[in-house]
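A.B. asks: need a structure here:
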Amino acid sequence: MTKLITTLGAKPAAELGMILPHEHVFVDLRTWDTPGYAQAEVDDVLRLMVPELLRARTAGVTAIVECSPVGVGRRADIERRVSAAAQFPLVIPTGIYREPWIPDWAHAASQAELAAWMLGELQGEIEGSGVQAGWIKLSAGDDGLTACEAKILRAAASAGRETDAVIGSHTLRGRVVQDQLEIIEAMGYTAERFIWIHTQAEPDFSLHLEMARRGAWLEYDSIGNPEWVSEDDILQNILRLLEAGLGGQLLLSHDRGWYDPALPGGGVPKPYTYLSEQFLPRLRAAGVDEQMIVQLTQANPLRAFSR
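C.D. replies: I've put the predicted structure just below:
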């Protein structure tokens, strides 16, 4: 039986309900060589983020997938402390973000070395934190994969093949996703274990359909952030996917949070409750039944991230 690997241990389906597949608790979007990068007092993070996890729980959320990999301030040690204080499970990734956030050591590493590093975190722990990585997060630029990004993706496919870990990629253009799936399949892994993060940013809906029919997960993850893609457009695309019979490959989230060490006091987090409180009622009003709501918010993310 597969389980969700979290900061509070491996969780079976019986212990889980609604899962948010794309959020952040701790992020630093400065490059890795910036003074003070990814540094924070643990107590400050606890003070800011524990209440947000508790609010999420009151809205019916039972687990959150943290989407900060190496390159954007991953701190599994801090996440573990926040999770323990709130008694709220988080799913932490291995993996590396895109240029220019890729650190020097990853540029220098071979594909085999990167794959071994990811395997070590997926099967053991992240940087002595006591946290086992639950999945693989990476990214690609809008103009296509750089040589290093392709190397990281091949390493991820190798590690995923060994562990059944899902690979999620911050990729804004469908044509780049096409290239990513070619690489993954050439490495002997499968599109069915790939999440197209930020699918909503691709204006060509035919590419959404193409990737879903190829087996990939589509993730609409800017719900509650209308400055990126309008909520009406996301709602209509969800309905079109459901009409096409592709609801089993759709993930919904906010891309919200978070503690940012670049800002005074960590900034002002956005709550993880908008989907539950505002968007799901809109889906119901549009005719989406409760069985499909449960599939979109519980069964789908559990199947995507469990292994």
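
A.B. asks: per-residue confidence at P226?
C.D. replies: Listed pLDDT for P226 reads 83.

A.B. asks: tell me how many other residues crowd Y274.
C.D. replies: 17 (other CB atoms under 10 Å). C-beta here means a position set from N, CA and C on the backbone, and glycine is covered the same way.

A.B. asks: hang on, I meant P203
C.D. replies: 11.

A.B. asks: ok, it to R75 distance?
C.D. replies: 34 Å (CB to CB, to the nearest Å).

A.B. asks: all helices of this structure, in order?
C.D. replies: 42-58, 76-86, 104-108, 111-123, 147-163, 174-186, 205-214, 231-243, 274, 280-285, 290-294, 300-305 (DSSP state H).

A.B. asks: and the ones you listed as a markdown table, adding distance to L16?
C.D. replies: What follows is these, written out as a markdown table (distance: least, CB to CB, whole Å):
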| stretch | distance to L16 |
| --- | --- |
| helix 42-58 | 12 |
| helix 76-86 | 14 |
| helix 104-108 | 33 |
| helix 111-123 | 20 |
| helix 147-163 | 20 |
| helix 174-186 | 27 |
| helix 205-214 | 24 |
| helix 231-243 | 22 |
| helix 274 | 20 |
| helix 280-285 | 17 |
| helix 290-294 | 12 |
| helix 300-305 | 6 |
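
A.B. asks: okay, those helices in CSV with distance to S222 and mean pLDDT next?
C.D. replies: Output for the helices of the chain, formatted as CSV (distance: least, CB to CB, whole Å; pLDDT from 0 to 100):
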stretch, distance to S222, mean pLDDT
helix 42-58, 17, 98
helix 76-86, 22, 98
helix 104-108, 27, 97
helix 111-123, 27, 98
helix 147-163, 22, 98
helix 174-186, 16, 98
helix 205-214, 14, 98
helix 231-243, 7, 97
helix 274, 11, 98
helix 280-285, 15, 98
helix 290-294, 19, 98
helix 300-305, 16, 98
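
A.B. asks: so which of those is nearest H254?
C.D. replies: Proximity to H254 (CB to CB) singles out helix 274 among the helices of the chain, at 5.9 Å.

A.B. asks: from the rest of the structure, what touches that closest one?
C.D. replies: I223, G224, H254, R256 (CB atoms under 8 Å, 6 or more residues apart in numbering).

A.B. asks: and for the third one, the neighbour number?
C.D. replies: For H254, the neighbour count with other CB under 10 Å is 23.

A.B. asks: would you confirm that it contacts P21?
C.D. replies: No - contact criterion CB atoms under 8 Å: H254 and P21 do not qualify, at 9.9 Å.

A.B. asks: can you work out which residues contact both of the two?
C.D. replies: Among the neighbours of H254, those also in contact with P21 (CB under 8 Å, 6+ apart) are D221.

A.B. asks: pLDDT value on the closest residue to E15 other than its chain neighbours, please?
C.D. replies: Once flanking residues are discounted, E15 sits nearest to T62: 7.6 Å by CB to CB, 6 or more residues apart in numbering. In this prediction, T62 carries a pLDDT score of 98.

A.B. asks: T62 against L16, yeah?
C.D. replies: Yes - using CB under 8 Å, T62 makes contact with L16 at a distance of 4.9 Å.
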